[in-house]
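Colleague: Sequence first, predicted model second:
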Number of protein chains: 2
Amino acid sequence: MVDAVIIAIGSELLTPSRTDTNSLHLTDQLNALGIEVRQKVVVGDDREALTEAVRHALQHASVVILTGGLGPTEDDVTRDAVAAALDRPLEFRQDISDAIEERFRARGRKMAEINKRQAFIIQGAEVLANPAGTAPGLWIELPSTADTVPSVPSTERRPSGSRQTQPSASDKLIVLLPGPPSEMKPVFEQECLPRFRRRVPGVVIRSRFYRVTGLTESDLDTLIAPVYTKYTNPATTVLASAGDIQVHLRARCESEDEAERLLAEIGDPIEALLGARLYSTNGDSLEAAVGMLLRARNAKLAIAESLTGGQLGQRITSVSGSSDYFVGGFLTYSDAMKSALLGVDPALLAQHTAVSQEVAAAMAAGARDRTGADYAIATTGEAGPKSNTGATPGTVFIGYASKGHSEAVRFVMPGDRNRVRGFATNAALDLLRRRLLGLKS
Amino acid sequence: MVDAVIIAIGSELLTPSRTDTNSLHLTDQLNALGIEVRQKVVVGDDREALTEAVRHALQHASVVILTGGLGPTEDDVTRDAVAAALDRPLEFRQDISDAIEERFRARGRKMAEINKRQAFIIQGAEVLANPAGTAPGLWIELPSTADTVPSVPSTERRPSGSRQTQPSASDKLIVLLPGPPSEMKPVFEQECLPRFRRRVPGVVIRSRFYRVTGLTESDLDTLIAPVYTKYTNPATTVLASAGDIQVHLRARCESEDEAERLLAEIGDPIEALLGARLYSTNGDSLEAAVGMLLRARNAKLAIAESLTGGQLGQRITSVSGSSDYFVGGFLTYSDAMKSALLGVDPALLAQHTAVSQEVAAAMAAGARDRTGADYAIATTGEAGPKSNTGATPGTVFIGYASKGHSEAVRFVMPGDRNRVRGFATNAALDLLRRRLLGLKS
């Protein structure tokens, strides 16, 4: 098995308030390639410490992935430190400098002199294009030396004809990636994945990616564990966050047929057990799943948010093309605004408070009426920490309106203010999804 | 300066779904003691890998803190691995075994034979009582050897009378703590803090935490690097994300006065250079800074969002108590909604398109009028990737309205859809901040 060390660079990652999250995404990607993460390291913006960490990692793993420290400033030391660890010089690349300059020009700005630092590459490195930023990644293959242990087992096959042109199985590899996740992810996916696949041939990986809402992680696990615990291949991972659960199945086999057969053997019974709680079988988000249902019905959606404070709109509009079915909505953060903008009867508010089934339904109906949309959903509730309305913190009502109909459903959700808002957003999207599917519950 | 390496142990921390959070708490505690965290490492439940990691950490730091792997099962390897790294034997301690047995008995349960593993300690270790669990922590002081570099500078004073009974300043220290945060925290606070205070007297850390918007990271660096690069103490860290930049200064001194003097020496000129772009000197977010300005003026805010899709509302309402000054707003995702909900003249939309200075200003004015708020801000633009309006992707207009006044400012922002939305949200909050401060630009 090939193993990897991930090094995250940045003094901010050694403070009490920040943590390295890039490594979670990278671990997922590497595991899918059959590469095991052996160690994760966080180092500050310190050239000597990083040089030393890279040397040490190379002694103990065949793949070393670094994230961060590729920016243009003095404290971006990754290029220098890796060059020192490998004892290789840095070389200025006019073409990279030109590309960075062009990137600035296209935005009507001038490249600062300091950005030229990002045009230096380590001798012998392949440049990994960064579509979302100025710092390119680097891919450096190191020939194995006599005293390093071959890190890919000899049983792993590779086409013998290509032996000459492909790197040796015992080569070491260093990859430098930008630190911002929005840059790191596309560089890894577009530039690194194809290169890794060439290095680790003969293994086929196929996966299913289920997404589920409307039950707790432990309830889900009680339901499906009897199926998946019988298998180590496919490997099953369950991730949960604020009412949204992801179930990954990943089969690693010698052939595609074998992988698909294994996935069906475990995936099909899991799908049957999850039923309507399963909203995606391809990893799509809940807002994307809802968007497809609306689009298929040629229907328009409006929203009215209170406790979710904009999060529901943000989720819906994060889907590319959402303007085809989403008209907009209202953020009504006071009783007065619920009446003024949505037409909620002040008497209803006085009688039931804003945190009530009646007001949630009226908010949805008002949002639908005032926008002319086909459907509307609304959120109201008490996110906590202290209650301003007398309702228990965590109490949430989700309103739903369609032609001639409005209703609301009550939830009591665990966790702090942020978690309650996340739960409520999921619950609103899921209620809409269930109604669009014609489900009564 | 004393520096530390934190090693978190557990194979689950090397999966895509789990991250080490103990180190954040420990970093905070250690920094307060004047101990800098130099590196963080995550290692699986692998005896050899951990032994190697401990040896390596001891070469590079004077304090090594390990969390996890002290349980009773086979895959709890921390005691064994540290003993191997130090080449010291494990010793069975009847008194610890008795205490664990008593703990089980007090809960009406019988100690499993396997728990006796937790009664082994590394020779020479002090036992750290664990009030919340069965695994005691261990505190191991190692006398310095001739070939290790003293890690505390000789200028660091300690009372000479106590020299004999206190450990030498160049001693190394290894601390083993339980992994569950509910056990780790009390062991650290009750058992480790008093011991650390005896070892590390007389170091004070003070910091400043600036937040800045309205310029790029490289422009900021060009501006302030001439000030901060002259100093290694205070240490300066610069972090940037979607138009929001954080600058941390941290001074480490023998006295509070000295630390404050150094912070002023570097911080005051930086504050002068940043001027009105500096929105926080205590780490507060932009939305919190804006909230304080509104609260101080007893003023109400409304918003109208198009391209930010809810993100602006979410940022504003993420501040606790924001309902005191935020009334709500509108999410108008189509031209029709901009007219229907905000009263934007359809002729204006037809003439200038929705991505225009005129429409942004009219949206802000409409949001203010229809809610009765004192101020309103609005966002419209083309987030990309493809343009639906003819405007260059990244083109954003921020509208602002106050009594009898409305205006809009144009920006062209880099990056993908998500980044443009983040930039636009920051730009909207910052325009409001500047106007509330009476700035013209």
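Modeller: Good, I have the coordinates.
Colleague: Not counting its own residues, what contacts the helix or strand containing residue A:64?
Modeller: Using DSSP states H and E, residue A:64 maps to strand A:63-67. Outside strand A:63-67, the residues that touch it by C-beta atoms under 8 Å, 6 or more residues apart in numbering or on different chains are A:2-9, A:20, A:22-23, A:26, A:30, A:35, A:54, A:57-58, A:78, A:82, A:172-179, A:184. Every C-beta, even on glycine, is put in place using the N, C-alpha and C of the backbone.
Colleague: Run the chain-centre distance for that strand.
Modeller: 20 Å (C-alpha atoms, centre = their mean, to the nearest Å).
Colleague: List the contacts of the next helix or strand after it.
Modeller: Using DSSP H and E, the next helix or strand after strand A:63-67 towards the C-terminus is helix A:78-86. For helix A:78-86, contacts defined as C-beta under 8 Å, 6+ apart pick out A:9, A:47-48, A:50-52, A:54-55, A:58, A:66, A:68-70, A:89-90, A:117, A:120-123, A:138, A:140, A:142, A:174, A:176.
Colleague: Inside helices: which ones of those residues?
Modeller: Using DSSP state H, the subset of the contacts of helix A:78-86 located in helices is A:47, A:48, A:50, A:51, A:52, A:54, A:55, A:58.
Colleague: just checking, residue A:186 touches residue A:128?
Modeller: No - applying C-beta atoms under 8 Å, one finds residue A:186 not in contact with residue A:128, separated by 10.0 Å.
Colleague: how many neighbours does whatever residue of the stretch 151-300 of chain A ends up closest to chain B have?
Modeller: Nearest residue of the stretch 151-300 of chain A to chain B (C-beta to the nearest C-beta) works out as residue A:239 at 4.7 Å. Residues lying near residue A:239 (other C-beta atoms under 10 Å in any protein chain shown) number 17.
Colleague: any idea which element it lies in?
Modeller: Counting by DSSP H and E, residue A:239 is found in strand A:235-241.
Colleague: Would you mark the buried spots in that strand?
Modeller: A:236, A:237, A:238, A:239, A:240 (16 or more other C-beta atoms under 10 Å in any protein chain shown).
Colleague: Which residue ranges of the stretch 251-400 of chain A form strands?
Modeller: A:278-280, A:301-305, A:326-332, A:375-381, A:395-402 (DSSP state E, counting those that start in this stretch).
Colleague: Compare those strands and report which one is nearest to chain B.
Modeller: Short answer: strand A:326-332, nearest of the strands of the stretch 251-400 of chain A by C-beta to the nearest C-beta, at 4.3 Å.
Colleague: Okay, angle between the strand holding residue A:64 and helix A:78-86 too, please.
Modeller: Per axes from the mean of the first three to the mean of the last three C-alpha atoms, to 10 degrees, the angle that strand A:63-67 makes with helix A:78-86 is 150 degrees.
Colleague: pLDDT on strand A:63-67, on average?
Modeller: Mean pLDDT, computed over strand A:63-67, is 97.
Colleague: Parallel or antiparallel, list what pairs with it.
Modeller: strand A:2-9 (parallel), strand A:172-177 (parallel) (DSSP bridges).
Colleague: Could I get the pLDDT score of residue A:381?
Modeller: So, for residue A:381, pLDDT stands at 94.
Colleague: Wait, it touches residue A:427, no?
Modeller: No - look at residue A:381 against residue A:427 with C-beta under 8 Å: they stay out of range, at 9.7 Å.
Colleague: who touches both of these two?
Modeller: A:396, A:411.
Colleague: When the two are compared, which one has more neighbours?
Modeller: Shown here are residue A:381 and residue A:427; by other C-beta under 10 Å, residue A:381 has more neighbours (30 against 24).
Colleague: Can you name the residues bridging to the more buried one?
Modeller: residue A:396.
Colleague: And for residue A:245?
Modeller: residue A:212, residue A:240.
Colleague: picking that back up, neighbour-wise, which of residue A:186 and residue A:128 wins?
Modeller: Ranked by neighbour count (other C-beta under 10 Å), residue A:186 and residue A:128 place residue A:128 first, with 21 against 18.
Colleague: can you tell me which residues contact the more buried one?
Modeller: A:136, A:137, A:138, A:139, A:175, A:177, A:187, A:191, A:192.
Colleague: repeat for residue A:248
Modeller: A:207, A:208, A:209, A:210, A:236, A:237, A:238, A:239.
Colleague: Would you format these as CSV with pLDDT and distance to residue A:340 included?
Modeller: What follows is the contacts of residue A:248, written out as CSV (pLDDT from 0 to 100; distance: C-beta to C-beta, whole Å):
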residue, pLDDT, distance to residue A:340
A:207, 84, 50
A:208, 90, 48
A:209, 88, 44
A:210, 94, 43
A:236, 82, 51
A:237, 76, 48
A:238, 78, 45
A:239, 73, 41
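Colleague: got CSV for those, with distance to residue B:113 too?
Modeller: As requested, the contacts of residue A:248 are arranged in CSV below (distance: C-beta to C-beta, whole Å):
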residue, distance to residue B:113
A:207, 41
A:208, 42
A:209, 43
A:210, 41
A:236, 32
A:237, 33
A:238, 32
A:239, 36
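Colleague: Now do the helices in chain A.
Modeller: Using DSSP H, helices in chain A cover A:22-32, A:47-60, A:78-86, A:94-106, A:181-187, A:193-199, A:217-228, A:256-274, A:286-296, A:311-317, A:335-342, A:346-352, A:357-371, A:417-436.
Colleague: For the stretch 51-200 of chain A, which residues are neighbours of chain B?
Modeller: Residues of the stretch 51-200 of chain A found near chain B (C-beta under 8 Å from any C-beta of the partner chain) are A:52-53, A:56, A:60, A:71-75, A:103, A:107-108, A:112, A:114-115, A:132-133, A:180, A:182.
Colleague: What subset of these is buried?
Modeller: A:52-53, A:56, A:60, A:71-73, A:75, A:103, A:112, A:114-115, A:132-133, A:180, A:182.
Colleague: Name the nearest of the residues you listed relative to residue A:284.
Modeller: residue A:182 (19.8 Å; C-beta to C-beta).
Colleague: Does that closest one touch residue B:419 like I think?
Modeller: Yes - with contact defined as C-beta under 8 Å, residue A:182 and residue B:419 form a contacting pair (6.1 Å).
Colleague: Between those two, which contacts overlap?
Modeller: Contacts common to residue A:182 and residue B:419, judged by C-beta under 8 Å, 6+ apart, are residue A:132.
Colleague: which one in chain A is furthest away from the centre?
Modeller: residue A:347 (44.0 Å; C-alpha atoms, centre = their mean).
Colleague: Show the model's pLDDT score for the closest residue to residue A:85 other than its chain neighbours.
Modeller: In this structure, residue A:85 finds its nearest non-sequential neighbour in residue A:54, 3.9 Å apart by C-beta to C-beta, 6 or more residues apart in numbering or on different chains. Looking at residue A:54, its pLDDT reads 96.
Colleague: Show the contacting residues for residue A:58.
Modeller: Residue A:58 touches A:64, A:85, A:142, A:172, A:174, counting by C-beta under 8 Å, 6+ apart.
Colleague: Go again with 10 Å.
Modeller: Shown in contact with residue A:58 (C-beta atoms under 10 Å, 6 or more residues apart in numbering or on different chains): A:5, A:64, A:85, A:86, A:142, A:148, A:172, A:173, A:174.
Colleague: Can you tell me which of these are buried?
Modeller: Counted by 16+ other C-beta under 10 Å, the contacts of residue A:58 give A:5, A:64, A:85, A:86, A:142, A:172, A:173, A:174 as buried.
Colleague: Quick check: beta-bridge partners of the last one?
Modeller: This points to residue A:174. Applying DSSP bridges, one finds that residue A:174 bridges with residue A:64, residue A:140.
Colleague: Run a quick check on it versus residue A:126, I expect a contact.
Modeller: No - the criterion here is C-beta atoms under 10 Å, and residue A:174 misses it with residue A:126 at 11.0 Å.
Colleague: residues shared between the contacts of the two?
Modeller: Shared contacts of residue A:174 and residue A:126, counting by C-beta under 10 Å, 6+ apart, come down to A:138, A:139, A:140, A:141.
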